[in-house]
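Asker: build me a model:
(one chain, ligands or ions: 1)
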Amino acid sequence: MGAPGWPVTVVDGRVGIRPLRLRDAVVWSDMRIRNEAWLSPWEGLRPASPPVGWGERHSPAAFTAMLRVLRRESKDGRCLPFAVTYDGELAGQVTVANVVRGAFQSASVGYWVDGRLAGRGVMPTALAMVVDHCFAHAELHRIEANIRPENEPSRRVVAKLGFRQEGLHPRFLYIDGAWRDHLCFAVTVEDVPEGLLRRWRSRENA
Ligand SMILES: CC(C)(COP(=O)(O)OP(=O)(O)OC[C@H]1O[C@@H](n2cnc3c(N)ncnc32)[C@H](O)[C@@H]1OP(=O)(O)O)[C@@H](O)C(=O)NCCC(=O)NCCS
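Answerer: As a prediction, the model looks like this:
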């Protein structure tokens with residue numbers, strides 16, 4: 001039997017979420033390499049990792065290796081690795097990771113969008129669809145997002161969606177050469193009986 005809620009594709013207007021595919025490799029690699037300055041201040045890396053450059057870490061071969069790991073984890077129900085699309089083209093990622101079952105039924109999300117598409121509400125829409133799907137079909141009860149205090153654009157995303165600020169994790173993730181503090185934001189099923197996408201759309205149109 002497959003993992004609950006995986007795989008799935010959802011589209012709302014110009015924005016979609018779907019599983020990453022092997023044939024995303026070249027587009028993903030080009031986009032990640034072009035966006036190095038945009039993405040690198042926010043992305044974690046294991047400390048004392050071998051000194052491999054951004055280009056090599058984001059080659060098509062690196063994508064294929066990453067996807068192999070993500071597929072295994074998604075099959076086991078430990079993550080939901082979504083591609084984000086805009087007008088049907090790859091535009092970024094939302095990864096639901098650290099899925100813990102049992103009495104917790106909780107997971108954390110990481111996300112990014114191509115800098116060329118920033119500011120169009122792509123990520124709030126994609127994240128709302130992901131959260132709604134996880135609550136309705138992946139048996140999750142809580143989703144958290146951990147964000148560096150200085151990451152204003154990302155804080156705007158969770159603010160728009162009404163995530164609750166739950167606390168500060170000191171020295172939480174190793175990013176850009178140091179252990180960085182993160183604010184923790186979360187949402188539970190009870191917070192959004194009408195669905196997150198619906199609530200975000202109604203606020204957007206208010
Ligand atoms: C965080 C991120 C995913 C937001 O995605 P998005 O689709 O642009 O989200 P929105 O359209 O809602 O914009 C969010 C905020 O980004 C800022 N923003 C808008 N256009 C921007 C641009 N061209 N460049 C930089 N920031 C911009 C604004 O503050 C905006 O808030 P506002 O709508 O209240 O003005 C995106 O900025 C990103 O990929 N950043 C790099 C990776 C990252 O930080 N990931 C999250 C780690 S926790």
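Asker: check which element follows the helix or strand hosting K160 along the chain.
Answerer: For K160, the element it lies in under DSSP states H and E is helix 152-161. Once the chain leaves helix 152-161, the next helix or strand it forms, by DSSP H and E, is strand 164-175.
Asker: any idea of the mean pLDDT in that next one?
Answerer: Averaged across strand 164-175, the pLDDT comes to 97.
Asker: likewise stretch 130-149?
Answerer: Rounded mean pLDDT across stretch 130-149 is 98.
Asker: do it and the ligand come into contact?
Answerer: Yes: counting by Cβ under 6 Å from any ligand atom, the ligand has neighbours in stretch 130-149: I147. Every C-beta, even on glycine, is put in place using the N, C-alpha and C of the backbone.
Asker: hey, C-alpha coordinates of that stretch in CSV?
Answerer: Provided in CSV are the C-alpha atoms of stretch 130-149 (Å, rounded to 0.1, in the frame of the first residue of the first chain):
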residue,chain,number,x,y,z
VAL,A,130,-0.1,21.6,0.1
VAL,A,131,-1.4,22.1,3.7
ASP,A,132,-5.0,21.5,2.6
HIS,A,133,-4.0,18.3,0.9
CYS,A,134,-1.9,17.1,3.9
PHE,A,135,-4.8,17.7,6.3
ALA,A,136,-7.5,16.1,4.1
HIS,A,137,-5.6,13.2,2.6
ALA,A,138,-2.2,12.6,4.2
GLU,A,139,-3.6,12.2,7.8
LEU,A,140,-1.5,15.1,9.1
HIS,A,141,-2.8,17.3,12.0
ARG,A,142,-0.1,20.0,12.1
ILE,A,143,2.3,21.6,9.7
GLU,A,144,5.2,23.9,10.8
ALA,A,145,7.4,26.3,9.0
ASN,A,146,10.7,27.4,10.5
ILE,A,147,12.0,30.7,9.2
ARG,A,148,15.0,32.9,9.9
PRO,A,149,13.8,36.1,11.5
